[in-house]
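Trainee: All I have is the shape, not the residue letters:
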């Protein structure tokens, strides 16, 4: 098993950990609709970079069964 020869200082430990923290998702605004979505992902309306790439099915309203 590997054992370190010298103890790491708090400064060196902090420098090593500086890239460990995860950042939140970066958000973009869609050009055509103006809605906010994650970068490099299709928006909820099916748009990507100003073009509609996913055709959404029309929503069906549920009828009350009384």
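Mentor: Noted; the coordinates are in hand. None of the values given here were measured: they were computed from a predicted structure. Residues are numbered from 1 along each chain as shown.
Trainee: C-alpha only now, for contacts and for neighbours.
Mentor: OK.
Trainee: show me where this structure has helices.
Mentor: For the chain, the helices defined by DSSP state H cover 10-17.
Trainee: Where does pLDDT dip in it?
Mentor: For the chain, the stretches flagged by pLDDT under 70 are 64-66.
Trainee: Setting aside sequence neighbours, what's the nearest residue to the residue nearest in space to the middle of it?
Mentor: Central residue of the chain (Cα atoms, centre = their mean): residue 25, 3.7 Å from the mean position. Spatial nearest neighbour of residue 25, excluding adjacent residues (Cα to Cα, 6 or more residues apart in numbering): residue 38 at 6.6 Å.
Trainee: from memory residue 55 sits against residue 46, does it?
Mentor: Yes - proximity of residue 55 to residue 46 meets the contact threshold set by Cα atoms under 8 Å, at 6.6 Å.
Trainee: For residue 47, name its beta-bridge partners.
Mentor: Listed by DSSP bridges, the beta-bridge partners for residue 47 are residue 52.
Trainee: so it touches residue 41, yeah?
Mentor: No - using Cα under 8 Å, residue 47 is not in contact with residue 41, being 9.0 Å away.
Trainee: what sits against the closest residue to residue 32 other than its chain neighbours?
Mentor: Distance criterion Cα to Cα, 6+ apart; nearest residue to residue 32, sequence neighbours excluded, is residue 50 at 5.1 Å. Residues near residue 50 by Cα atoms under 8 Å, 6 or more residues apart in numbering: 30-32.
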